[in-house]
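Trainee: no sequence on hand, only this structure:
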């Protein structure tokens, strides 16, 4: 109701006199895109659209994701990077087109999330857009911006809970301190931003959705707003300072040796340039924490090895739309080599891949009867309105940790399979102090009558850059990294199988990979011990690069 026809019929005459400041855009720009945009070629979300001389905002029946990216105006950073008079005129013309064709209403262009991104983009690039523009355009631009802010202010409570609502609060606060004469609106927006930060950022720095990607997205917008407060000489809200101080260490917590973040609960490929930019604002730059109890994660490190373990229950329903059924899944890396991974998130907006990526089988943990440890709301018939949040999943996930000179050990269990299979899954993981041995024990404890036909499968998804082979008569697996480093996997007393897998989070698309699978019957094999042991160190050539060929598979076709 707040953003519908009644909003569009309301008279609007409150136009700020001027813009005071432009918050910085931390995201990386690509100036080469400016020529394509000038030529009427818009490549967004994997879809190329040629406008044939028309304004892109006149086009109909184009893919919805393409339209969202178009109406979000994030591509203004590419035009600004070109730093030319033509690019500036083109940006101004496209903004004028949007105001003309979509300034009153557009089904996708006025979605709350799209409005949020557009407000932040227009503010950040306003000096570029407004330079050399006349007074009429300046007034039209500021009036449209103020109208969008009012829309967001009226609809923020109807936005999806979690990151989208926090981003909306950030956009409103950013606009109110960037535009003149906001007065009480600025004070209200700062209070709302503080409320959302206090509610959504956990004491250990994680986000209530348990998605590591949320940290990147929030910090990318929160840091410029913080800098705008400083530039304006305004008092910094305590929640803003505390949230940044908490999130920065946890961002380091999720990083592997190659700089990529672990694939838990909606995290896909890592935007390395953006993460590096964000971390440049970290004044402390200390070692990452080893324990994130509120977010539900543990980190083991020894030598050059890192193990990250998901030890948290499913997030609350309202923010679980992107959460995964990956409780007790782990990721393992050595130096810059990713060894064990979760499949991650596909960049393609495809319901099938989304469903696959969220399943327990797409994670390096145990499944029972190929069933996920969490139950999701069906995409149909409610998916369009409600998404696919987690309806039920692990609730009790007790965790014990021990650290000593010999190494670190984590012991955790979850009850995600208790209701259906009457089994608790427990995982015990130990990493030696020198990082050369990773030991694990998966146990399946009956809490009732267990069907003797039911079986388990423990999966270790391998990074596609590894070369694998069964050795010692199939009782072990040899893993060779591209730099020559080698590891062996074994599970004494259990049959080991190498199966096909798929790595969804590669920046170049889906990639073929492999997975180690250890399977058995729940009653016959209640526990499985396994080990990764380093058997060879990296061998570098005289040029400082690996003599080992890059064995990564080519991207898969859709």
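Mentor: In hand now; what should we look at? Please read these numbers as outputs of a predicted model, since none were measured by experiment. Residues are numbered from 1 along each chain as shown.

Trainee: so what touches stretch 353-365?
Mentor: 310, 322-331, 340-346, 367, 370-374, 376, 379, 388, 425, 427, 457-461, 504, 510 (Cβ atoms under 8 Å, 6 or more residues apart in numbering). For the C-beta atoms, the positions are set from N, CA and C on the backbone; glycine is no exception.

Trainee: which stretches of the stretch 451-558 of the chain aren't confidently modelled?
Mentor: 540-558 (pLDDT under 70).

Trainee: returning to what we had before: just the buried subset of the contacts of stretch 353-365, please.
Mentor: Listed as buried from these are 310, 322-331, 340-346, 367, 371-374, 376, 388, 425, 427, 457-461, 504, 510; burial here means 16 or more other Cβ atoms under 10 Å.

Trainee: what is the neighbour count of residue 419?
Mentor: Neighbour count for residue 419, taken as other Cβ atoms under 10 Å: 10.

Trainee: adjust the sequence numbering to begin at 569 for everything that follows.
Mentor: Right, with 569 as the first residue, what we last looked at is residue 987.

Trainee: doesn't it lie inside a helix?
Mentor: Yes: under DSSP: H, G, I helix; E, B strand; the rest coil, residue 987 falls within a helix.

Trainee: contacting residues for it?
Mentor: residue 960.

Trainee: from residue 1015, how far off is it?
Mentor: As judged by Cβ to Cβ, to the nearest Å, residue 987 and residue 1015 stand 10 Å apart.

Trainee: and residue 648, by the same measure?
Mentor: 60 Å.

Trainee: comparing those two, which residue is more hemmed in?
Mentor: residue 648 (21 against 12).

Trainee: what helix or strand is that one on?
Mentor: helix 644-650 (DSSP states H and E).

Trainee: tell me the SS of the spatially most central residue of the chain?
Mentor: For the chain, the residue nearest the mean C-alpha position is residue 781 (2.5 Å; Cα atoms, centre = their mean). Secondary structure state of residue 781, per three-state DSSP, is helix.

Trainee: need the pLDDT of it.
Mentor: At residue 781, the model reports a pLDDT of 97.

Trainee: same thing with residue 581?
Mentor: At residue 581, pLDDT is 55.

Trainee: same thing with residue 801?
Mentor: On the pLDDT scale, residue 801 gets 88.

Trainee: and it, how far from residue 588?
Mentor: Distance from residue 801 to residue 588, by Cβ to Cβ: 11 Å.

Trainee: more neighbours: the two, which one.
Mentor: residue 588 (15 against 6).

Trainee: for the closest residue to residue 692 other than its chain neighbours, what are its contacts?
Mentor: Leaving aside its sequence neighbours, residue 692 sits nearest to residue 593 (Cβ to Cβ, 6 or more residues apart in numbering; 3.9 Å). For residue 593, the contact set (Cβ under 8 Å, 6+ apart) comprises 645, 688, 689, 692, 693, 792.

Trainee: try 7 Å
Mentor: 645, 692, 693 (Cβ atoms under 7 Å, 6 or more residues apart in numbering).

Trainee: ok, now residue 772?
Mentor: Going by Cβ under 7 Å, 6+ apart, the list of residues near residue 772 reads 814, 818, 860, 861, 862, 863.

Trainee: contacts for stretch 613-627?
Mentor: Applying Cβ under 7 Å, 6+ apart, the set of residues contacting stretch 613-627 is 608-610, 630-631, 633-634, 637-638, 665-666, 669-670, 916.

Trainee: quick one: buried residues of that stretch?
Mentor: Under 16+ other Cβ under 10 Å, the buried positions of stretch 613-627 are 617, 623, 624, 625, 627.

Trainee: out of these, who's nearest residue 975?
Mentor: Residue 975 lies nearest to residue 617 out of the buried residues of stretch 613-627, by Cβ to Cβ, at 54.4 Å.

Trainee: so that closest one: helix, strand or coil?
Mentor: Residue 617 is classified as strand under three-state DSSP.

Trainee: now swap in the one 5 residues further on and tell me
Mentor: When the structure is reduced to helix, strand and coil (three-state DSSP), residue 622 reads as coil.

Trainee: ok, it to residue 739 distance?
Mentor: Residue 622 is 29 Å from residue 739, by Cβ to Cβ.

Trainee: next: residue 601.
Mentor: 24 Å.
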